[in-house]
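Visitor: Next come a sequence and a model predicted from it.
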Amino acid sequence: MTMLAEQSGVSKNTVSLALKNDRRISVETRRRVQQLAEKLGYQRNPVLSHLMAELRKTKVPKFRYTIALLNAHPDSLAMKRHPTIAAWLTGCRRRGESQGYHFDTFWLHDPEINGARLARILRSRGIRGAIVVGLFNQNRLPPQFDSLWPQIACVVTGVRTHEPTLSFCCVDHHALMLEAVKQVLALGYKRPALVLSHTVDHLVEGRFSAGMWFGQQALPTAQRVPTFDKADGSDSCFQRFKKWLERHKPDVILTLHRDIKIWLEDLGYKIPRDIGLVDLEHNPSAQEWAAMEQRNDLSGEAAVDMLISMLYNNESGIPESPRATLGSSHWVPGVTVRKQR
């Protein structure tokens, strides 16, 4: 490193940044240092690099860069109001701040901004990377930001986007369903059923229903209850649910819709005596439910790790081969299910 610095006429810190292809160093200097390093046969020492990384962990991180948090939810206050988004943000901020990164927040439905304007704002603040949170009901980003994605490094939390498809981090919904079905079968339930909005299942490309279908293959055909599409909370939907319940007679329902408990109680069912209930996303407001803990905060942490790696390697734009990090979930026992006789 010292020899490279002396022969290229720059500091050792500049050499280090140039070898990492850091944009803070001019293109000309980066090229000169990299060509000299290749000529001299310079190679990074992986053991030393690991040691330095461990030493840095013992220090209080200093401010490095700012990351943009892009709220894609129609509600400008969703980051505070929606528990899933809040969990993603908790993980993002925890991991980002531990590495010395700060966050600036932008709302993608703000009528005052579009892709071109947001790109200018990010450039003026020296922001090169962003994390998208809050995509619900659809997995397509607002079209007015199409010009932004080729210019920055970006990771999405929660879902895989289309047009464009960006790298993303989320819970493994398919594995989550398999584990939930496994747990209720272990309790002795014979007719598990999924109650879920088609919109939600479509958002995750059918991974909930696919996991349910695969989990039901362990059951005789006659015990495989079809999924009920809970479109909304209307009376007509309630009446469809009542008919579905009477016809298929599930003994445990797996759902994201906690108002199903009210519907069942209105129909005279006692939980868990008459039917079991499982929440597919453990929620602080329903601690008593048996549930699957998605650990969305870990998806937030993974998104920051992925973005930092992209920034470190000077990657930006729409990736040819988007990356995906899928997180695990685990079973949380609760009073809404019980061991079957």
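Guide: Okay, I see it.
Visitor: I262 sits in which helix or strand?
Guide: helix 260-266 (DSSP states H and E).
Visitor: could you say what helices and strands that helix packs with?
Guide: helix 235-248, strand 276-279 (3 or more C-beta pairs under 8 Å, 6 or more residues apart in numbering; DSSP states H and E). Heads up, the C-betas are built off the backbone N, CA and C, glycines and all.
Visitor: List of residues touching that helix?
Guide: Contacts of helix 260-266 with the rest of the structure, by C-beta atoms under 8 Å, 6 or more residues apart in numbering, involve V195, K230, F238, F241, I253, I271, I275, L277, T336.
Visitor: now with 10 Å?
Guide: 195, 228, 230, 233, 237-238, 241-242, 245, 253-255, 257, 269-271, 274-275, 277, 279, 286, 289, 336 (C-beta atoms under 10 Å, 6 or more residues apart in numbering).
Visitor: just to revisit the earlier point, which one of the helices and strands packed on helix 260-266 lies closest to Q223?
Guide: With respect to Q223, and counting by C-beta to C-beta, the nearest of the helices and strands packed on helix 260-266 is helix 235-248 at 9.9 Å.
Visitor: returning to what we had before: alpha carbons of the helix holding I262, in PDB - could you do that?
Guide: Listed next in PDB are the C-alpha coordinates belonging to helix 260-266 (Å, rounded to 0.1, in the frame of the first residue of the first chain):
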ATOM      1  CA  ILE A 260     -61.800 -13.500  11.200                       C
ATOM      2  CA  LYS A 261     -62.000 -14.100  14.900                       C
ATOM      3  CA  ILE A 262     -64.900 -11.700  15.200                       C
ATOM      4  CA  TRP A 263     -66.700 -13.400  12.300                       C
ATOM      5  CA  LEU A 264     -66.300 -16.800  13.900                       C
ATOM      6  CA  GLU A 265     -67.500 -15.500  17.200                       C
ATOM      7  CA  ASP A 266     -70.500 -13.900  15.500                       C
END
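Visitor: So S309 versus I318, what's the distance?
Guide: From S309 across to I318, the span is 17 Å (C-beta to C-beta, to the nearest Å).
Visitor: same thing with S299?
Guide: S299 sits 21 Å away from I318, going by C-beta to C-beta.
Visitor: and the protein, what are its domains?
Guide: 2-57, 66-171+297-328, 173-294 (automatic domain parsing).
Visitor: Can you add mean pLDDT and distance to R341 and give these back as TSV?
Guide: Converted to TSV, the domains of the chain look like this (pLDDT from 0 to 100; distance: least, C-beta to C-beta, whole Å):
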stretch	mean pLDDT	distance to R341
domain 2-57	70	53
domain 66-171+297-328	94	32
domain 173-294	96	7
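Visitor: got these as CSV, with distance to Q340 and mean neighbour count columns?
Guide: Converted to CSV, the domains of the chain look like this (distance: least, C-beta to C-beta, whole Å; neighbours: other C-beta atoms under 10 Å):
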stretch, distance to Q340, mean neighbour count
domain 2-57, 49, 13
domain 66-171+297-328, 27, 18
domain 173-294, 3, 17
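Visitor: Distance across stretch 71-84, terminal residue to terminal residue?
Guide: 13 Å (C-alpha to C-alpha, to the nearest Å).
Visitor: which outside residues touch it?
Guide: 69, 85-86, 88-89, 105-110, 132-142, 145, 156-159, 161, 171, 256, 281-285, 294, 296, 299.
Visitor: hang on, T29 packs against V15?
Guide: Yes. If you go by C-beta atoms under 10 Å, T29 and V15 touch, sitting 9.3 Å apart.
Visitor: Overlap of the contact sets of those two?
Guide: S8.
Visitor: Quick one: closest of the helices and strands packed on helix 260-266 to L219.
Guide: helix 235-248 (12.9 Å).
Visitor: Check which helices and strands the helix or strand just after the closest one is in contact with.
Guide: Per DSSP H and E, the first helix or strand lying C-terminal to helix 235-248 is strand 252-255. Applying 3 or more C-beta pairs under 10 Å, 6 or more residues apart in numbering; DSSP states H and E, one finds that strand 252-255 contacts helix 173-186, strand 192-196, helix 207-216, helix 260-266, strand 276-279, strand 290-293.
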